[in-house]
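Novice: Sequence first, predicted coordinates after that:
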Amino acid sequence: MQGGPTMPDCGACESPYSRDEGDPPEPAESSETGLPCQAAGGMGHSAKRLLWNCTLMSVCFAWAEGAVAAILAVSASLIDRDLNATAGLVLYGFFAAGSLVAPAVTARLGLKQSLVAGLVGFSMFTASFVHPVAEVMYPAAAFSGVMGAVLWTAQGSYFTINALEYTAALEREGKVVASSPSEADRSPRSATSCTLKSVEEQNRHSIGIMSGVFATVFPLALTTCKLLSSLVQQWDSQHAVELIYSIYTTLAVVSAAGMGCILPMDASRYLTSTQRFASLWDDLTATVAVLRDRRLLLLIPANAIFGLAAGYFPVMMTPLAADTHGKQHVGYLYAVAGAASFVLASVYSWMSSRIPLGRVGVMLWGALQYILLFAALVWWTPTSLAGLYGLWILYGSANTVWQGTCMALFADYWQATPTAAFANLKLHSGVASFVAYALFPRHGSLKTNALWCFAVACVSFVGIIGAALSHRRREAEAQQAAADVRAPAGDVATPSLEEVGGALLIPGWQALLLPAHV
C-alpha cells in the first residue's frame, strides 16, 4: 500500500512508529504478495469477529451509499432536472479530483476515521436535497464528492486488510496453515481439520469471502433505498419530496454513527518503513505511479463503462421513464434493478470460485452485459413498461459484477498497494460519470450516447482479458524468481517458463485457464 501511516496507535496493538534499539528488525517483504511478512498472530481479533466486522462495515457503507445512489437515480423525476444534473456534475467532478488526494487524506486520517468522515459528507449531500436550492446543493455536492473519494478509497483498503487479517486469524486458530507455495505443493494434507495453503491462495480465498458479504449487502440496501421513493410517493404525494430526502438523510446519518463502531485497522502493519513515513507528495505521486502498471491501464475501460452507465441511466433513462409512464414508476424500476443485483451477487460470488476463469470470467460476463444493454439502446427506443424493466434488470446485473467482483479483483491484484489502486479505480469511474453528467443531457440523443457507451463496453471486454494475462505473467515470473532463490546449490535448475510451456508462451485463453501456480 502506498502512502503514510493510515491508522494511529489505537491502544489495541503496539504503535508502529517508534522502534527501540533492541526491537526486532522490520519484517522482510513477501516474494508472493509484495507485502511485508505479517507478525505472527495478526492483530489478535478472531476470525468470527473479523467476519462480523466486515458485515457491519458493509451494512453502514451500503445504506449511506444507497441513499446517495437513490438520490442520483430518482431526483430527475422529483426536482428541477437542470438543478439535479448540475449537482451530479459537481459531485462527480470533485469526486474525480478528490481521488487523486484520497490516499494522502486516508493515510493521515486513518481508515476508520476516513470511512466515518466520508459518510458525514454523504449526509450533507442528502440533506441539501430536502429544500433544493443551488446555493446549498452545489457546495454540499463539492464537499461530498471529495469525501466520497476518500470513503471509497478507505473502503477498498479496509476491505483488503480485513481479509488479510482474517487469514492471519484462521492460521492463529489452527483452521488453516499458510505456507510458501513450495511447502503447500510438497506437504501432504494434514489429518486434522487444518488445511495447508499458500499465503497467496488463502488471501485470495479470504478476499472472496469478504467480497461475497459486501456484494450481498450492498445491492439489498440499494434496492430498498430506491424502492422507498415510489412507496413514499404513493403514500403521501403532497409532501413526498421533503419526506423522501429526509428519510435518505436519516439513513446516511445513522450509517455514519454505525461506522464508528467498526474495528480500527492498523494498515501500517502492511507497509514497509519507507511507506510508513512517506510525505504528502509521495502519497500523491504514488497514486499516479500506479498508472504505470499495465494491468491498471487495461482495466480503465472496465471502470469507465460503470461510470458512464451510472451517469447515463439517471440523466437519460430516468426522464424517459418518468415522461412515458409517470415518476412513480422510477423508484420501482431501480428497485427491480437492485433486486436483480441482490439475487445475482451470491451467484457471481459462487461463480468466481467455481468456473475455470474465476473472477476474470465473471468480469467478462459483466462487460458482455453492458455490451448487450447499450446495443439494445442503440437499436431500440424502449416505450413499453416491460421493456424498461428488462433493461433495468440487465443494468442491475452488470452493476453487480463491478460492485462485487471488480472490487475483489482489485483487492487481489494489488494486495500490496490497495489504497493507490482503489483511488485509481474510483478516479476512472468518477471521471466517466462526470463526462456523462456534463455531456449526455446537453449533447447527443439517447441513441448517440448509448453508442459511445457501447464502444467503451467493447473495449472493456478486451481490456479485462489483457489485464488477466498480464497478471498471470507477473505471478509466473514471481514464482519462478522465488523458486530460483530457494533452489540449493547443486540442485537441478528449475525449468524456465519457456521450457514448461508457461504463461509467457501459451496463447491467451489457454494462459487464463492455467492453475494459479504454474
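Specialist: Received, thanks.
Novice: measure the most centrally placed residue in the chain to Ser206 for me?
Specialist: Closest to where the C-alpha atoms of the chain average out (CA atoms, centre = their mean) is Met407, at 3.4 Å. Remark: distance between Met407 and Ser206 (CB to CB, to the nearest Å) = 14 Å. C-beta here means a position set from N, CA and C on the backbone, and glycine is covered the same way.
Novice: before we move on, what about Gln479?
Specialist: Counting by CB to CB, the gap from Gln479 to Ser206 is 20 Å.
Novice: Of the two, which one has the most company?
Specialist: Just comparing Gln479 and Ser206: by other CB atoms under 10 Å the higher neighbour count belongs to Ser206, 26 against 22.
Novice: Just confirm Val130 contacts His239, I think it does.
Specialist: No. Contact between Val130 and His239 fails when scored by CB atoms under 8 Å: they sit 11.1 Å apart.
Novice: quick one: which of these two has more around it?
Specialist: It is Val130, of Val130 and His239, that has more neighbours when counted by other CB under 10 Å, with 15 against 11.
Novice: mind listing the strands for the stretch 51-200 of the chain?
Specialist: 177-179, 196-198 (DSSP state E, counting those that start in this stretch).
Novice: close enough to count as contact, Leu344 and Ser397?
Specialist: Yes. With contacts defined as CB under 8 Å, Leu344 counts as touching Ser397 at a distance of 5.4 Å.
Novice: which one is Gly338 nearest to, not counting chain neighbours?
Specialist: Thr223 (2.8 Å; CB to CB, 6 or more residues apart in numbering).
Novice: host element of the one you found?
Specialist: Per DSSP states H and E: Thr223 is located in helix 199-235.
Novice: following that helix, which helix or strand comes up?
Specialist: Next element after helix 199-235 (DSSP H and E): helix 240-259.
Novice: which parts of that following helix are buried?
Specialist: 240-241, 243-249, 251-256, 258-259 (16 or more other CB atoms under 10 Å).
Novice: just stretch 222-240 next, same as before
Specialist: 222-233, 240.
Novice: Name the nearest of those relative to Ala67.
Specialist: Closest approach between these and Ala67, by CB to CB: Cys225, at 5.5 Å.
Novice: can you pull the contacts of that closest one?
Specialist: Trp63, Gly66, Ala67, Ala69, Ala70, Tyr248, Leu251 (CB atoms under 8 Å, 6 or more residues apart in numbering).
Novice: ditto for Ser123
Specialist: Ala64, Thr249, Ala252, Val253, Ala256.
Novice: Show me the shaky parts of the protein.
Specialist: 1-43, 175-200, 236-238, 267-290, 486-518 (pLDDT under 70).
Novice: What is the neighbour count of the closest residue to Asn399 other than its chain neighbours?
Specialist: Once flanking residues are discounted, Asn399 sits nearest to Ser341: 6.0 Å by CB to CB, 6+ apart. Neighbourhood size, Ser341 [other CB under 10 Å]: 27.
Novice: Can you list the helices and strands that the strand or helix carrying Ser341 packs against?
Specialist: Assigned by DSSP H and E, Ser341 belongs to helix 328-354. Helix 328-354 sits against helix 47-74, helix 199-235, helix 318-325, helix 358-379, helix 385-400, with contacts defined as 3 or more CB pairs under 8 Å, 6 or more residues apart in numbering; DSSP states H and E.
Novice: Of all those, which one is nearest Ala302?
Specialist: helix 358-379 (6.5 Å).
Novice: Can you give the contact residues for that closest one?
Specialist: Counting by CB under 8 Å, 6+ apart, 302, 305, 309, 348, 351-352, 355, 357, 391, 394-395, 397-398, 400-402, 405-406, 408-409, 412, 446-447, 450-451, 453-454, 457-458, 460-461, 464-465, 468, 512 sit against helix 358-379.
Novice: How far away from the center of its chain is it?
Specialist: From the chain centre to the centre of helix 358-379 is a distance of 18 Å (CA atoms, centre = their mean, to the nearest Å).
Novice: got it, and stretch 117-135?
Specialist: Per CA atoms, centre = their mean, the centroid offset for stretch 117-135 relative to its chain is 23 Å.
Novice: Which helix runs longest in the protein?
Specialist: In the chain, with assignment by DSSP state H, the single longest helix is helix 446-486.
Novice: For that helix, which helices and strands make contact with it?
Specialist: helix 181-186, helix 294-312, helix 358-379, helix 418-439, helix 508-513.
Novice: Dump the ones you listed into JSON lines; add mean neighbour count and distance to Leu111 as well.
Specialist: Shown next, in JSON lines, are these (neighbours: other CB atoms under 10 Å; distance: least, CB to CB, whole Å):
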{"stretch": "helix 181-186", "mean neighbour count": "15", "distance to Leu111": "30"}
{"stretch": "helix 294-312", "mean neighbour count": "24", "distance to Leu111": "21"}
{"stretch": "helix 358-379", "mean neighbour count": "22", "distance to Leu111": "24"}
{"stretch": "helix 418-439", "mean neighbour count": "26", "distance to Leu111": "9"}
{"stretch": "helix 508-513", "mean neighbour count": "14", "distance to Leu111": "33"}
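Novice: Same list, these, but as a markdown table with distance to Leu164 please.
Specialist: A markdown table is the format used below for those (distance: least, CB to CB, whole Å):
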| stretch | distance to Leu164 |
| --- | --- |
| helix 181-186 | 17 |
| helix 294-312 | 20 |
| helix 358-379 | 17 |
| helix 418-439 | 10 |
| helix 508-513 | 25 |
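Novice: For Glu165, which of the ones you listed is the nearest?
Specialist: helix 418-439 (13.1 Å).
Novice: and that closest one, what other elements does it pack with?
Specialist: helix 81-109, helix 134-172, helix 280-289, helix 294-312, helix 407-413, helix 446-486.
Novice: Surely Thr167 touches Arg204?
Specialist: No. Counting by CB under 8 Å, Arg204 is not a contact partner of Thr167; they are 9.5 Å apart.
Novice: hang on, the earlier thing: got a list of what the residue nearest to Asn399 touches?
Specialist: Ser341 neighbours (CB under 8 Å, 6+ apart): Phe218, Pro219, Leu222, Thr223, Gly396, Ser397, Asn399, Thr400, Gln403.
Novice: Having no further points to raise, I will conclude here.
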